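A.B. asks: Sequence plus predicted model, see below.
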Amino acid sequence: MATVVEEERFPGHPLLPYMLILPSVAVIAVFLVAPFLQSVQDSFFASTAFGTKTVYVGLRNYTRLFESSDFRNSALATLMFAGFVMVVGLSFSLAVAHLLNQKIRGQGVYQIALIWTYALSPAVAGAIWALMFAPATGIVPFVVAKFFGGYLLNWMTNGSLALLVVSAAATWKMLGYNIVFFLAGLQNIPQEYLDAARVDGAGPWRTFWDITFPMLSPTTTFLLFVNMIYAFFQVFGLIDIMTHGGPGDATNILIYKLYRDAFLYLNTGAASAQSCIVFVVISVAAVIQLHFATKKAIYAR
């Protein structure tokens, strides 16, 4: 019986693949894995403000968090914020991408104009929206007062309105990113499927739900995951510029509360415990989301 000799991919250099990935692994280990492990360790300790004395307290930091009304309110605000970004943001992005996919004059100009929002940093996006909604000088309160009988739109004193404005700003920031992927997914749908649906008498709405949306399931799954990570971890700059967590902690979402506890109140134990809780919640949500979404995703073209 003839033996099959496996051809070596890197003749004479068996360690080359490991050498090539070593820089990336080192960066991940130093800047992600090591800080995470340090946070896990710190979550079981309490220390003085400047870290001169550290005491092991076990699960006390965790129990105090779950007993804290501030933490529960922050978690609720985070869920509302993330839900708005994921549901409203993705729905609006898909609608805009569907319009951009039509054969219209100036299609490329519209695509570029709607995609550029992702190029802005969260801090710049926050500054733009804060100026737009400034009660005394913003264009939005001026228009509202002009057309609604002089009503003063002061979101800086209304917690619910502030959370809505911040959520809208975060959604606008991710609009371009979502549109790019949805547009790519729409353009990758075979035209013969849509033509066959029209021949069978399906209208635009039925064609969208029965053909277009199921074929976009891999893209939707990916964007749900990315937007969830964005809403929980990447909006610190936007919150810090617009509201500083106010008014009345209405926009004090978990990532901003973690920053306050760690760097303003110097309570590193509580901050580390919060980071571990957020990590576990996001990990579990991501696994569940990817499991169920992937089972229903249609990858065949």
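C.D. replies: Cool, got the structure.

A.B. asks: Only C-alpha atoms from now on, for both contacts and neighbour counts.
C.D. replies: Fine.

A.B. asks: Which stretches in this structure count as strands?
C.D. replies: 45-47, 54-56 (DSSP state E).

A.B. asks: got these as JSON lines, with mean neighbour count and mean pLDDT columns?
C.D. replies: As requested, the strands of the chain are exported to JSON lines (neighbours: other C-alpha atoms under 10 Å; pLDDT from 0 to 100):
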{"stretch": "strand 45-47", "mean neighbour count": "19", "mean pLDDT": "86"}
{"stretch": "strand 54-56", "mean neighbour count": "12", "mean pLDDT": "86"}
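
A.B. asks: Would you mind saying which of the ones you listed lies nearest residue 113?
C.D. replies: Nearest of the strands of the chain to residue 113, taken as C-alpha to C-alpha: strand 45-47 at 50.0 Å.

A.B. asks: what packs against that closest one?
C.D. replies: For strand 45-47, the packing partners by 3 or more C-alpha pairs under 8 Å, 6 or more residues apart in numbering; DSSP states H and E come out as strand 54-56, helix 268-296.

A.B. asks: residues making contact with it?
C.D. replies: Residues outside strand 45-47 that contact it (C-alpha atoms under 8 Å, 6 or more residues apart in numbering): 53, 54, 55, 56, 57, 58, 61, 267, 268, 269.

A.B. asks: Next: stretch 241-251.
C.D. replies: Outside of stretch 241-251, the residues within contact range by C-alpha under 8 Å, 6+ apart are 74, 77, 123, 126-127, 129-130, 156-160, 162-163, 166, 239, 252-253, 256-257.

A.B. asks: 6 Å instead, please
C.D. replies: 126, 130, 157, 159, 163, 252 (C-alpha atoms under 6 Å, 6 or more residues apart in numbering).

A.B. asks: Stretch 151-160 too?
C.D. replies: The contact list for stretch 151-160 (C-alpha under 6 Å, 6+ apart) reads 135, 141, 145, 161, 162, 247, 250.

A.B. asks: now the end-to-end length of that stretch.
C.D. replies: Chord length of stretch 151-160, first to last residue, is 17 Å (C-alpha to C-alpha, to the nearest Å).

A.B. asks: pLDDT (mean, whole number) over it?
C.D. replies: Averaged over stretch 151-160, pLDDT sits at 86.

A.B. asks: Just say which of the helices and strands packed on strand 45-47 is most tucked in.
C.D. replies: The highest mean neighbour count among the helices and strands packed on strand 45-47, using mean count of other C-alpha atoms under 10 Å, belongs to helix 268-296: a mean of 17.

A.B. asks: if we can go back for a sec, separate out the buried members of the contacts of stretch 241-251.
C.D. replies: Buried by 16 or more other C-alpha atoms under 10 Å: 126, 130, 159, 163, 252, out of the contacts of stretch 241-251.

A.B. asks: Which one of those is nearest to residue 170?
C.D. replies: Distances from residue 170 to the buried ones among the contacts of stretch 241-251, taken as C-alpha to C-alpha, are shortest for residue 126 (8.2 Å).

A.B. asks: Which pLDDT value belongs to the closest one?
C.D. replies: At residue 126, pLDDT is 91.

A.B. asks: per-residue pLDDT, the closest residue to it other than its chain neighbours?
C.D. replies: In this structure, residue 126 finds its nearest non-sequential neighbour in residue 238, 4.5 Å apart by C-alpha to C-alpha, 6 or more residues apart in numbering. Per-residue pLDDT puts residue 238 at 93.

A.B. asks: ok, residue 238 - contacts?
C.D. replies: Neighbouring residues of residue 238 by C-alpha under 6 Å, 6+ apart: 122, 123, 126.

A.B. asks: For burial, what's the neighbour tally of residue 133?
C.D. replies: Each residue near residue 133 was counted by other C-alpha atoms under 10 Å, and the total is 22.

A.B. asks: Give me the phi and psi angles of it.
C.D. replies: In terms of degrees, to the nearest 10, the main-chain angles of residue 133 are phi -100, psi 10.
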